[in-house]
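Asker: Got a sequence here, can you model it:
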Amino acid sequence: MANLREIQRRRTSIQSTMQITRTMEMISTARIRKALARAEEAEPYKDAITRMLANVAAAGFDSSQPLLARHAEERHVLFILIASDRGLAGGFNIVLQRAVEHEMAALRARGVTSSVITCGRKPTEYFTYRKVAPVMSFVGISSEPTMDQADRIASYVMDGYASGAIDRVVIYYWHAKNRVEQTQVVEQLLPITKEQLMMPNKPREREALSAVSAHAHTDFSFDPSAEEVLGHLMPAYFRTVIFHALLDSAAAEHGARRRAMQSATDNAKEVLDALARTYNRERQGSITTELNEIIGGASALEDY
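Answerer: This is a model prediction of the structure:
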């Protein structure tokens with residue numbers, strides 16, 4: 001009976017856990033719709049400013065401008081890591097964290113310094129624990145990012161690159177392809193080339209620029225010059241790209257958590273089925289043992 005009670009306690013515990021995982025799955029399913037809708041609402045503005053930038057870059061590209069100049073030597077690299085405040089989302093956080101940590105170690109081996117901006121409590125704690133203090137960190141708003149957050153990141157990036165303190169900027173985040181699938185995105189924000197600016201629909205992940213079809217741009221006349229207009233557009237472009245990455249990551253977070261909780265619920269069901277079979281087998285064995293004892297006792301009384 002002691003073994004049966006232990007099995008029953010395990011079944012009760014797993015049932016309670018399964019109720020939690022199922023509830024979290026339902027919550028994430030509801031939230032991902034809102035997050036995807038928010039990212040989709042921001043998509044037209046991003047597309048419009050990207051197309052506008054492509055047209056201006058085609059007309060005039062001044063590499064002497066601070067944000068368009070390529071530094072002669074790479075001495076410091078800045079990573080922007082967008083993850084989440086909460087866990088229970090599978091490898092959503094740890095995959096990006098380890099990828100950035102690996103890149104920072106590789107740069108350190110080459111004698112290049114690096115720093116990181118963390119968006120989310122999990123990456124902030126990850127790097128702080130490893131004695132790598134983020135130059136900027138944002139906690140508590142991973143599921144509801146704001147434009148102010150994007151403005152602060154973009155301002156830091158542009159000021160650092162223009163002053164020469166930063167030589168390269170790379171952003172890491174997850175892209176929500178749909179409600180169930182997420183893909184890792186590693187995008188270099190700076191330095192940016194004329195060819196990259198002229199791509200109205202930039203490739204995601206590690207796709208080569210040559211894989212994107214060329215786009216014909218209409219001829220425009222600019223007053224002031226196209227180079228000056230490009231200089232004014234660049235800050236708005238960086239803010240838009242960063243803000244959309246934050247929105248995209250928020251949608252991907254809910255999708256990853258929904259998938260992780262669904263997997264946990266399915267695993268709990270399998271364990272419960274296995275425990276139910278074990279419980280029934282042990283109970284049947286216990287009943288058989290008791291019957292044998294009763295029969296044996298009755299036979300002993302008859303012989304007596």
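
Asker: Excluding covalently adjacent residues, which one is nearest to Ala264?
Answerer: Closest residue to Ala264 apart from its sequence neighbours, by Cβ to Cβ, 6 or more residues apart in numbering: Thr21 at 4.3 Å. For every residue, glycine as well, the C-beta is placed using N, CA and C.

Asker: and the one you found, that one's in a strand?
Answerer: No. Applying DSSP: H, G, I helix; E, B strand; the rest coil, one finds Thr21 to be helix, outside a strand.

Asker: That one - how many residues pack around it?
Answerer: 19 (other Cβ atoms under 10 Å).

Asker: in the protein, what spans have low per-residue confidence?
Answerer: The chain contains residues with pLDDT under 70 at 1-2, 58-64, 194, 198-220, 222-223, 285-287, 289-304.

Asker: Please repeat the previous calculation with a cut-off of 90.
Answerer: Within the chain, the segments meeting pLDDT under 90 span 1-74, 85-92, 140-147, 162-164, 175-185, 187-241, 244, 248, 250-304.

Asker: Quick check: His232 vs Val139, distance?
Answerer: Distance of His232 to Val139, given as Cβ to Cβ, to the nearest Å: 33 Å.

Asker: these two touch, right, Ser142 and Cys119?
Answerer: Yes. Counting by Cβ atoms under 8 Å, Ser142 touches Cys119, with 6.4 Å between them.

Asker: Mutual contacts of those two, please.
Answerer: Ile82, Ala83, Ser249 (Cβ atoms under 8 Å, 6 or more residues apart in numbering).

Asker: now the residue most central in space within the chain, nearest residue through space, not along the chain?
Answerer: Residue closest to the mean C-alpha point of the chain, counted by Cα atoms, centre = their mean, is Trp174 at 3.8 Å. Nearest residue to Trp174 in three dimensions, chain neighbours excluded: Ala252, at 3.7 Å (Cβ to Cβ, 6+ apart).

Asker: Which member of the shared contacts of Ser142 and Cys119 is positioned nearest Phe92?
Answerer: Closest approach between those and Phe92, by Cβ to Cβ: Ala83, at 6.8 Å.

Asker: which residues in this protein form strands?
Answerer: Assigned by DSSP state E, the chain shows strands spanning 76-82, 113-119, 136-138, 168-176, 182-190.
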